[in-house]
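Participant: Build me a model from this:
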Amino acid sequence: MSQHKVVLLLGSNIGNQKNNIDIALSKISKVCSILKKSEYLTSEPVEFASCNIFCNIATIISTHLSPIQLLDYVKKIEIEMGRLTDSSASKIYTDRIIDIDIVKYDELKFVSERLEIPHNKHLFEREFSRILLKEFI
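Facilitator: The predicted structure follows:
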């Protein structure tokens, strides 16, 4: 099985945000190798109003999973951790215990109903993402 280099962004703005991210990273590491992590960064919510500040981190992983298999795996983690709504499906952004986005997958360009790689909003539009990703991209 070939290994793929993937950039993920994780964020949380409910409860103990850093702990939520660490739990998600631990779950990811059961199937993927974590190669590098950024520092934690706090940011205001983007595209919705909330009193809760986000904690975010970027990570590079190595995985044998296909893009859709990886998406299914991170969505399963989000649900296991208590995430109730999926903003990519509903197009409505709300507070969340964990959010895991696939930003890049090797140099693949991929678009489906559920997934777009690269994740252009994180690469070009969101300031917190650009800060986290500057050393990875």
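
Participant: Tell me which helix or strand in the protein has the weakest average pLDDT.
Facilitator: In the chain, the helix or strand scored least confidently by mean pLDDT, DSSP states H and E is helix 87-90, which has a mean of 54.

Participant: So which elements touch the helix or strand following that helix?
Facilitator: Using DSSP states H and E, the helix or strand that follows helix 87-90 in sequence is strand 99-105. Judged by 3 or more CB pairs under 8 Å, 6 or more residues apart in numbering; DSSP states H and E, the packing partners of strand 99-105 are strand 4-12, helix 67-80, strand 116-117. Where C-beta positions appear, they are placed from N, C-alpha and C, glycine not excepted.

Participant: Run me through the strand neighbours of strand 99-105, direction for each.
Facilitator: strand 4-12 (antiparallel) (DSSP bridges).

Participant: tell me how far the strand it pairs with is from the chain's mean position?
Facilitator: 5 Å (CA atoms, centre = their mean, to the nearest Å).

Participant: Let me see the mean pLDDT of stretch 28-40.
Facilitator: For stretch 28-40, mean pLDDT rounds to 96.
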